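**Student:** Below is the sequence, then the predicted model.
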Amino acid sequence: MNTQIKTHANIVIRISDIKLHFSNVRRKINPATLADFKESFQKLGLLQPLVVAADPTGGYTLIAGFTRYRGLTELGQLDVNVTVIEGDANALLESHIAENTNRDNLSFVSSIEAIRRLSHTVDGDLVEVGKRLGFGKKALADRLALTKCTSSVLAALDDHTIKVEHAVILSTFDESIQNKTLEKVITEKWSVDLLRERAGKARVSFTLAKFDLDGCKGCPHNADATTQTELFGEKIIKGVCSNTKCFSSKQKAWLDLERTKQAERVGDLIDVTMVDAKDFNALIIADVGEQQYQACQSCKHNVSFIDNRLTSKSLGAVRQQMCNNTTCHTEKVGLQQPVSVANIEKEGLQQPVAVTNTTSAKNQKIEQPISATLSNKQQEIADSVVACYVRDNFPVDTKSMLAVAYLTISKLCKNYPTGLALRNINGKSDQEVVVILSDMLSTFFKGADNNLNMQGDSPRSVLHELLFHVGNPTADIVKAWQPSVLHHYPVRHVMQLCKESGFQDSYDRTHGDHAFSTLKNGTKSELLKTIKEYKFDWTNYAPDAYWSHFTSKYPTLNTQH
C-alpha cells in the first residue's frame, strides 16, 4: 500500500527533542567517519540536514542521519537543521532501513539487524523483506542464516575478528556450542577450513528430534556418541546422528508443517531468530487494561513468535501476545498508571478522569483511548470492501461526476488538500465547480513548459494522452510545429528544413535562383530574421524527423501528413 509522504525542509529544532525510537540499524559508527564529520561541521557547518518524523508522543523521531546526530550531540550542539517527513511510521521506518542497508559502508551485521527490524513491519514475510531491501535470493539467505548467530558471534564478525564464513558455520549450532567454539576460533586462530573440518565431525542428539525417528533405525549415521570423535572437546550424550545435514532437513520439514498448523490458529508467525527483545513487549491485561487488551487481540501489532532454531529443545514452540509497537504499548501502559488530580492540572492534561472504586485522587486514572491496527492483508481487504461498495452504489448524476472530476484533478495537480477535498465545492453550483476545475488544470498544464518528465501523470504525459481524445491527433501534431522553434536548430538543419518544406523554392522564385543558399553565409540571427519576415505558409508542414518521433511513440497515428 503506497503511502503519501510529505517533507518540510529547513526547519530548526532542539536536538534534545529528537528521539531514537526506531533504533538506528547501525550497530557501530566508524570512528574515522565520525571524526571527519565533526571536523567538517566545525569548518563548514551542517551540509546535510537530519531527517526526522513528528512523534505522536511529542518531539521528533530520527529517520536518517544517525552519524550526524551523534557527532552534533558530542559537539554539544543545541539546535539542528532538519527535514521533517510526514507519513506512516512503518513506511518511514522501511524507507530508512532500505536507504541505510543499501549504503556501501553499512556493515554486514547491520544489514542483518535491518532485515530483523523490517520483517516486523511486513508480518514476518522474509521474501517481501528481500524485495524491499533489494537483496537477491542468495544474499538474503546468507543474512538469514546469520540471524541464528549469538550476539557474541555477531560482535566478533562486526569487529572483523572472524570472517563471514566462520559465522555461517557457527550459525548451525546451538548457542552454547557457538560461544564456546568462538573462543577457540579466536584464541587458537582457526581458519575457515579448520572450522569446517571440525564442524563436519559434528553430532546432534536424537533427543532434539521433532520428526518421526522410525526412519532412522538401522541408519549408519545413527551412532553411539561415546565411540565417536569428540567435537570441540565436548562429550555428547549417547544416541546421536552424525549426518547433521539430513537431521536438519528433517527438522525443517517438520517445522514447516508445524508453522502452517500454528499459523492457522494464531496468524502470521515471526521467526524467533528475527526478534530483537527491545522491539517487543508482552501484552498483559494488568499493564494495558481489560478493554485495551481485548482490542489488542485484533491488532496487527499483536504478533506471535515461533522457535525456528533447528537444534533448539523448544523448536516449534510458539509465544503469543507480543506487541511490536513499543510507542503505543508504552503509551497505553502509562495511561493505566494512577495519577493525582493535582498532577493533571499541573501538566495541563485534557484527558477525562475515570474514578475507580475509591474517591481517593491516588486511585484516579486517565481514561485511555482504545486502539487497534489491522494487519497489512486486513488493510487491503478493508480498502477493497469500501472501494467496491462505493463503486457499486455510486450515483450517476452531474454533481457526482463533477465531484469525481474534482478529486482526480486535485490529485493530478498535486493540489490535494488535507481532509476531504469535496468540502471545497460543497454548496457551489455546477458552473462554479467547472471554473475551479479549469483554473486547477490551467495551472497544472503550465508545467508542460519546463517539466521534461513524460511518465505517468506529468503535465506533458497527460496532454499527450488528451491529444487522442480531443480533435484530430494527426492534424494537431502538424499544426503544433511552428517555424519559431527553428532557433533551437543549427544553421545546417535550418537550411535543410527550409528546403524540405518548400520555403527555399518559394524564396528563390521571389529573389532569384540560388538566392536562399547565400543566406547560409550570414549569421544564424540574420537567417532566422529573413525566414520570419518572408511570407510563407507553414500551416501544413512539419519536419519529417519531428513526425517520425511521434509515429514511433504512437504507432496508431496516420503516417500520411
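**Tutor:** Structure's in. What do you need?

**Student:** From now on I want contacts and neighbour counts done on CA atoms only, so please keep to that.
**Tutor:** Fine.

**Student:** all strands for the stretch 101-250 of the chain, in order.
**Tutor:** 204-205, 222-223, 240-241 (DSSP state E, counting those that start in this stretch).

**Student:** One more: the chain?
**Tutor:** Counting by DSSP state E, the chain has strands at residues 6-14, 18-19, 50-54, 60-64, 79-86, 204-205, 222-223, 240-241, 269-271, 281-282, 302-306, 318-323, 353-355, 364-366.

**Student:** ok so, going back, out of the strands of the stretch 101-250 of the chain, indicate the one that is most buried.
**Tutor:** strand 240-241 (a mean of 22; mean count of other C-alpha atoms under 10 Å).

**Student:** Work out the gap between that one and the centre of the chain.
**Tutor:** 45 Å (C-alpha atoms, centre = their mean, to the nearest Å).

**Student:** on contacts alone, who are the packing partners of that strand?
**Tutor:** strand 204-205, strand 222-223 (3 or more C-alpha pairs under 8 Å, 6 or more residues apart in numbering; DSSP states H and E).

**Student:** Okay, now the sheet partners of it, with direction.
**Tutor:** Note on strand 240-241: by DSSP bridges, its sheet partners are strand 204-205 (antiparallel), strand 222-223 (antiparallel).

**Student:** Looking at those, which is nearest to Val288?
**Tutor:** strand 204-205 (42.5 Å; C-alpha to C-alpha).

**Student:** Now do the closest one, average pLDDT.
**Tutor:** Mean per-residue pLDDT for strand 204-205: 82.

**Student:** That one: how far from the chain's middle?
**Tutor:** 41 Å.

**Student:** shaky segments in the stretch 151-300 of the chain?
**Tutor:** In the predicted model of the stretch 151-300 of the chain, residues 223-238 satisfy pLDDT under 70.

**Student:** and this protein, what are its domains?
**Tutor:** 1-147, 267-373, 376-440, 471-553 (automatic domain parsing).

**Student:** Could you export these as TSV, including mean neighbour count?
**Tutor:** Shown next, in TSV, are the domains of the chain (neighbours: other C-alpha atoms under 10 Å):
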stretch	mean neighbour count
domain 1-147	17
domain 267-373	17
domain 376-440	13
domain 471-553	14
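
**Student:** looking at those domains, which is closest to Ala167?
**Tutor:** domain 1-147 (6.7 Å).

**Student:** Quick check: the gap between Gln320 and Asn302.
**Tutor:** Distance from Gln320 to Asn302, counting by C-alpha to C-alpha, to the nearest Å: 8 Å.

**Student:** ugh, typo on my part, it should be Thr161
**Tutor:** From Thr161 to Asn302 the distance is 38 Å (C-alpha to C-alpha).

**Student:** do you know which of the helices and strands packed on strand 240-241 lies nearest Ser506?
**Tutor:** Of the helices and strands packed on strand 240-241, nearest to Ser506 by C-alpha to C-alpha is strand 204-205, at 95.7 Å.

**Student:** picking up where we left off before, out of the strands paired with strand 240-241, which is closest to Ala448?
**Tutor:** It's strand 204-205; of those, that one is closest to Ala448 (C-alpha to C-alpha) at 69.0 Å.

**Student:** Show me the contact partners of stretch 273-292.
**Tutor:** 115-117, 119, 147-148, 293, 302, 307-309, 321-326, 329, 332-333, 335-336, 370-371 (C-alpha atoms under 8 Å, 6 or more residues apart in numbering).

**Student:** Quick check: end-to-end length of stretch 516-534?
**Tutor:** First-to-last residue span, stretch 516-534, C-alpha to C-alpha: 11 Å.
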